[in-house]
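Trainee: got a sequence here, can you build the structure:
(one chain, ligands or ions: 3)
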Amino acid sequence: MGIVEKIQQIEDELARTQKNKATEYHIGLLKGKLARYRAQLLEPTPGGSSGGGQGFEVSKSGDARIALIGFPSVGKSSLLSKITKTKSEVAQYSFTTLTSVPGVLEYNGAELQILDLPGIIGGASEGKGRGRQVIASAKTADLILMVLDATKGPNQREILEQELESVGIRLNKTPPNIYYKQKTTGGIKVSSTAPPKYLDEKQIASILRDYRVHNADVLIRDENVTVDDFIDVLNAQHIAYIPCLYAYNKIDAVSLEEVDRLARLPDTVVMSCHLELGLDVLIERIWDDLKLLRIYTKRKGEPPSFDDALVVRSNSTIENVCDRIHRSIKDQFKYALVWGASAKHNPQKCGLSHHVADEDVVSILTK
Ligand SMILES: Nc1nc2c(ncn2[C@@H]2O[C@H](COP(=O)(O)OP(=O)(O)OP(=O)(O)O)[C@@H](O)[C@H]2O)c(=O)[nH]1
Ligand SMILES: [K+]
Ligand SMILES: [Mg+2]
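Mentor: Ligands and ions are numbered 1, 2, ... in the order given. Next up, the predicted model:
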C-alpha cells in the first residue's frame, strides 16, 4: 500500500470513529500516524523534488515573500498585475496561470516579493493539479495572502485552510508552548506548569511509543495545548507557522451589506482589482503583518539616512543590522548608538544583542 492510500485509510477511520472519552487515545494515535505519513509524502523523493517541478521554484529575493493562494479565477494574477510592474496573464477561464510568477512590490523602502501561483482546489495537497508545487511554495512564504472571491460562499476558504493545514502550514498561530527533547536514556518524563486540560501523560506516552521514542523530556507550559499541538511538536521540522491575510476580491459584484460583513471578519481585507478599490489598505496590511523593521543608519557627524532604510525582520538585533550593512563589520564592532523606540534614552549605547524597533536610528562604532 502506498502512502497516499495509507493516509486515505486513516482519514476514513478518523471520520468513522466517534469522538468520546473511550476513543480519545485511539484518535490521538491515528492523528499521530497521519502526521507521520503526511510528512513522508512531502519528503523529497530521490531523483526529483517533492514540490519543485521544472521551472516552478522561484528563488527568494527581496526582504520578504508573499504567496498568493486561492481557487482558480479569484483574481490572483489581476492583483499581481495591479500592485507590481509584472504582468501575469489574466483570463476568465480557470487555470490560466500554470507556473509561479514573481513580482516585486516596493514599499516603505522594502522589496516585497509577490508570488502569483496557479489556482488550487480541494485535494491539492494530495497532488491534484499543480497543488503540491503551489503548496510547497506557500510553505516558503513569510505571509500567505489567501485570495477569495467575494461572490462565492465560505467553502473555498475552508477547503484551502484544510489543504494548507494538512501539509503542516499553521495559519496565524504561534508554536505550542511545549518543550520536547529526545534523549538516549531515562524513559519518558512528562511534566507541566499547570495540568493540561486536553492531554494526559498516558496519551503522550502512547503516541511516543508509536513514534518509537522511548526516552524524552516533555514539559507542557500551557494548560490549553491539545493532542494536535503535541503531534506538531513531534513533527516540528515539517510544520511552518505563517501569518495569513484573507483578501476578498470582486467586491464590485456583491451587495454593500455583504462587503461590510466580509470586511469585519478577522485578518480580512476586501478589494476590487477591477475598480482598484482597497488595494492601498491591502498593501498596508501586508506590511503590518510582515512585521518588518526599518532601520536608519547614521555615520558619525552626519544626519541619518532617512531616505534609505535597512529592512530587517522582527526580533532583529544590532547584530542582524550589522550583517545587513557588511559581512565583516561585526568583527570590528565596538558599540552601537541607538535613537528611537527601542532606546531607553537617546542615544543609548548598546551591544550586539540589543533588539531594535521600527524606525530606530543606529550608529555603529568600530574599533
Ligand atoms: N468582477 C470582478 N472581476 C474580476 C476582478 N478581478 C479579476 N476579475 C476577473 O476574474 C477573472 C479571473 O482573473 P485572474 O486574475 O485570471 O484570476 P486568477 O486567480 O489568477 O486565475 P487562475 O490563474 O486561473 O487561477 C478574470 O476574468 C478577471 O477579469 C474584480 O475585482 N472584479
Ligand atoms: K483565470
Ligand atoms: Mg492567475
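Trainee: can you get me a residue count around residue 184?
Mentor: By other C-beta atoms under 10 Å, the residues close to residue 184 number 6. C-beta here means a position set from N, CA and C on the backbone, and glycine is covered the same way.
Trainee: who's in contact with it?
Mentor: Neighbouring residues of residue 184 by C-beta atoms under 8 Å, 6 or more residues apart in numbering: residue 215.
Trainee: so what's the residue most central in space within the chain scoring on pLDDT?
Mentor: Most central in the chain under C-alpha atoms, centre = their mean is residue 242, positioned 1.6 Å from the mean C-alpha point. Reported pLDDT at residue 242 in the predicted model: 97.
Trainee: change the start of the numbering to 667 and stick with it
Mentor: Okay, residue one is now 667; in that scheme the one you just asked about reads as residue 908.
Trainee: who touches it in this structure?
Mentor: 804-805, 807-810, 835-837.
Trainee: and with 7 Å instead?
Mentor: 807, 809-810, 835, 837 (C-beta atoms under 7 Å, 6 or more residues apart in numbering).
Trainee: closest one to ligand 1 out of those residues, please.
Mentor: residue 810 (14.6 Å; C-beta to the nearest ligand atom).
Trainee: which SSE is the closest one in?
Mentor: strand 809-815 (DSSP states H and E).
Trainee: roughly how far is the helix or strand following that strand from the heart of the chain?
Mentor: As assigned by DSSP H and E, the chain's next helix or strand after strand 809-815 is helix 821-832. When C-alpha coordinates are averaged (C-alpha atoms, centre = their mean, to the nearest Å), helix 821-832 and its chain have centres 14 Å apart.
Trainee: other residues contacting whichever helix or strand comes after helix 821-832?
Mentor: Per DSSP H and E, the first helix or strand lying C-terminal to helix 821-832 is strand 835-837. Residues outside strand 835-837 that contact it (C-beta under 7 Å, 6+ apart) are 804-805, 810, 827, 830, 905-908, 910.
Trainee: are any of those residues buried, and which?
Mentor: Buried members of the contacts of strand 835-837, counted by 16 or more other C-beta atoms under 10 Å: 804-805, 810, 830, 905-906, 908, 910.
Trainee: these in helices, which ones?
Mentor: The helices, defined by DSSP state H, take in 804-805, 830 from these.
Trainee: redo the contacts of strand 835-837 as CSV? Include distance to residue 934.
Mentor: Converted to CSV, the contacts of strand 835-837 look like this (distance: C-beta to C-beta, whole Å):
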residue, distance to residue 934
804, 18
805, 22
810, 13
827, 13
830, 16
905, 24
906, 21
907, 19
908, 16
910, 10
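Trainee: number of residues surrounding residue 989?
Mentor: Residue 989: 15 neighbours (other C-beta under 10 Å).
Trainee: so it sits in a helix?
Mentor: Yes - under DSSP: H, G, I helix; E, B strand; the rest coil, residue 989 sits within a helix.
Trainee: for residue 776, what are phi and psi?
Mentor: Backbone geometry at residue 776, expressed as degrees, to the nearest 10, gives phi -110, psi 150.
Trainee: nearest to ligand 3, of the buried ones among the contacts of strand 835-837?
Mentor: Ligand 3 has its nearest neighbour among the buried ones among the contacts of strand 835-837 in residue 804, at 14.9 Å by C-beta to the ion.
Trainee: hang on, the closest one packs against residue 798?
Mentor: No - contact criterion C-beta atoms under 7 Å: residue 804 and residue 798 do not qualify, at 10.8 Å.
Trainee: tell me the pLDDT of residue 713.
Mentor: 46.
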